[in-house]
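**Student:** I would like to see how this sequence folds:
(chains A and B)
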Amino acid sequence: QSALTQPASVSGSPGQSITISCTGTSSEFETYNLVSWYQQHPGKAPKLIIYEVTKRPSGVSNRFSASKSGNTASLTISGLQAEDEADYYCYSYATSSTWVFGGGTKVTVL
Amino acid sequence: QVQLVQSGPEVKKPGASVKVSCKASGYTFAGYDMHWVRQAPGQGLEWMGQINPDSGATKYAQKFQGRVTMTRDTSISTAHMELSRLTSDDTAVYYCAREMYSGGVCYFWGQGTLVTVSS
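**Tutor:** Residues are numbered from 1 along each chain as shown, chains lettered A, B, ... in the order given. The predicted structure is shown next:
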């Protein structure tokens, strides 16, 4: 069964940059550029901020960037702002046409 | 504009089934796969499965195989997710989410439906 592992929490001060990692266990994770990232504020539905590893949907701040190397994908938030405090989830194609979320990372702005 | 409006909260007893609806508007319903994602209280997101509204073809996460059924009614642009044999572990907010265009990227989300399983 495919799994995506994220750190439980990451924190940073306003203006700093932070990076969240997402490590996949399946060969599909390494092979396909199908990693997305979602931001979720408490009580709200998730919001897509990155898709296909590096692409930002229209309207998403360019302070969000992402990459993937081997079995690890990364989301970087630059110029950290108070509004970035939220939970972040990676999401990827798993196997046999199924999809999987990472466990989520709580970002705290100090 | 694209809108996904889900049915209201549900309270169910253990062993029962629940059916959550997701009414779509603002686009061609049959043109985009619909995914279902759930989130237990204080927990992370969990992908449950998806349905192609055009063909009705479904794909479910292994965890829910045999217990979940996703259907659609194209005449009213509505997707349904039914989960059977409920336990307290199924207490969660259930979301429908429409793909951006293809490739599993969930872009538009419903508001979520809280399902509480309690005796």
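
**Student:** chain A contacts on chain B?
**Tutor:** Selection of chain B residues close to chain A by Cβ under 8 Å from any Cβ of the partner chain yields B:35, B:37, B:44-47, B:49-50, B:59-62, B:95, B:97, B:100, B:103-107, B:109-112. For every residue, glycine as well, the C-beta is placed using N, CA and C.

**Student:** those residues in helices, which ones?
**Tutor:** Using DSSP state H, no member of those sits in helices.

**Student:** ChimeraX command for the buried members of those?
**Tutor:** Applying 16 or more other Cβ atoms under 10 Å in any protein chain shown to the residues of chain B next to chain A, the buried members can be selected in ChimeraX as follows:
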select /B:35,37,45,46,47,49,50,59,60,61,95,97,100,104,105,106,107,109,110,112
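
**Student:** what about the residues of chain B next to chain A, which are in strands?
**Tutor:** Those of the residues of chain B next to chain A mapping onto strands are B:35, B:37, B:45-47, B:49-50, B:59-60, B:95, B:97, B:106-107, B:109, per DSSP state E.

**Student:** in those residues, find the pair that's most separated.
**Tutor:** The distance between the two most remote of those (Cβ to Cβ) is 21.0 Å, for B:60 and B:107.

**Student:** what ranges in chain A fall below the confidence cut-off?
**Tutor:** Low-confidence segments of chain A (pLDDT under 70): A:1-2.

**Student:** please enumerate the strands of it.
**Tutor:** Per DSSP E, chain A carries strands over the ranges A:4-5, A:9-12, A:18-24, A:35-40, A:47-50, A:64-69, A:72-77, A:86-93, A:99-101, A:105-109.
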